[in-house]
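In: model the following, please.
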Amino acid sequence: MNRLIASVLFGAAIFSAGASVAYAANPQVGGAPMYASKNIVENAVNSKDHTTLVAAVKAAGLVETLQGAGPFTVLAPTDAAFDALPKGTVEALLKPENKDQLVKILTCHVVPAKAFAKDIVSMVDADKGAHPVKTVGGCVWTAKHDGGGRIMITDENGNMADITIADVEQSNGVIHVIDRVLLPKM
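Out: A predicted model of the protein is given here:
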């Protein structure tokens, strides 16, 4: 929270959706401490709430990318968010023949910038209430906030996710935990 984005690539911003946001320095996620000195993958593998996301990142071949220099902002859906998808969706996406679709979905949860919650709020305010968020996967989400600490991200299908844990700093970016899987228009 105590950092500003020096520049946001082509107006990229963070996306998230509507619950109360938990702001904390070095918060625990999924029962595990998160360390600013570790990269996105090194931290995510320790979260008991992100086992599906980690499995999907591995199946999509994105581990090396998310261990790279970044900076990245990752909207990280919880296992409960994946469980809320229609029955069989996750299993189908993890099949090798669906790798391209999985890569698209996952890269639409990544923004090529490091944006903390206060940065997102500032961008939303500068855009009079709704900021377009351009993702690595080519999706454009819409970030909004309620003025009371809640940041929401809406996908191209009108589905909204809340950032439930904000500002999980990483050596190569920042993670915001979200309560819904955002999906590109297909």
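In: give me the nearest residue to residue 171, chain neighbours excluded.
Out: residue 39 (5.0 Å; CB to CB, 6 or more residues apart in numbering). All C-beta atoms are positioned from the backbone trio N, CA, C, and that covers glycine.
In: in this structure that neighbour contacts residue 169, no?
Out: No. At 11.1 Å, residue 39 does not count as touching residue 169 under the criterion of CB atoms under 8 Å.
In: who has more neighbours, these two?
Out: residue 169 (21 against 18; other CB atoms under 10 Å).
In: quick check: the gap between that one and residue 140.
Out: Here residue 169 is placed at a distance of 25 Å from residue 140 (CB to CB, to the nearest Å).
In: same thing with residue 94?
Out: From residue 94 to residue 140 the distance is 26 Å (CB to CB).
In: what do you get for residue 35?
Out: Taken as CB to CB, the span from residue 35 to residue 140 is 32 Å.
In: now do the helices in the protein.
Out: Assigned by DSSP state H, the chain shows helices spanning 40-44, 51-59, 63-66, 79-83, 89-93, 99-107, 117-126.
In: residue ranges with poor pLDDT in the protein?
Out: 1-25 (pLDDT under 70).
In: which residue is nearest the centroid of it?
Out: The centroid of the chain falls nearest to residue 75 when counting by CA atoms, centre = their mean (0.5 Å).
In: so that residue makes contact with residue 173?
Out: No. If you go by CB under 8 Å, residue 75 and residue 173 don't touch, sitting 11.3 Å apart.
In: for stretch 52-63, the distance to its chain's centre please.
Out: 14 Å (CA atoms, centre = their mean, to the nearest Å).
In: got the contact list for it?
Out: Under the contact criterion CB atoms under 8 Å, 6 or more residues apart in numbering, stretch 52-63 has outside partners 41, 44-45, 47, 66, 76-79, 82-83, 90, 93-94, 96, 99, 102-103, 106-107.
In: export it as CSV, just CAs?
Out: Written as CSV, here are the backbone C-alpha positions of stretch 52-63 (Å, rounded to 0.1, in the frame of the first residue of the first chain):
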residue,chain,number,x,y,z
THR,A,52,-6.2,-25.3,-8.0
LEU,A,53,-4.6,-22.1,-9.3
VAL,A,54,-1.1,-23.6,-8.8
ALA,A,55,-2.1,-26.8,-10.6
ALA,A,56,-3.6,-24.7,-13.5
VAL,A,57,-0.4,-22.6,-13.8
LYS,A,58,1.6,-25.8,-14.0
ALA,A,59,-0.7,-27.4,-16.5
ALA,A,60,-0.6,-24.2,-18.6
GLY,A,61,3.2,-24.0,-18.6
LEU,A,62,3.2,-20.6,-17.0
VAL,A,63,5.4,-21.3,-14.0
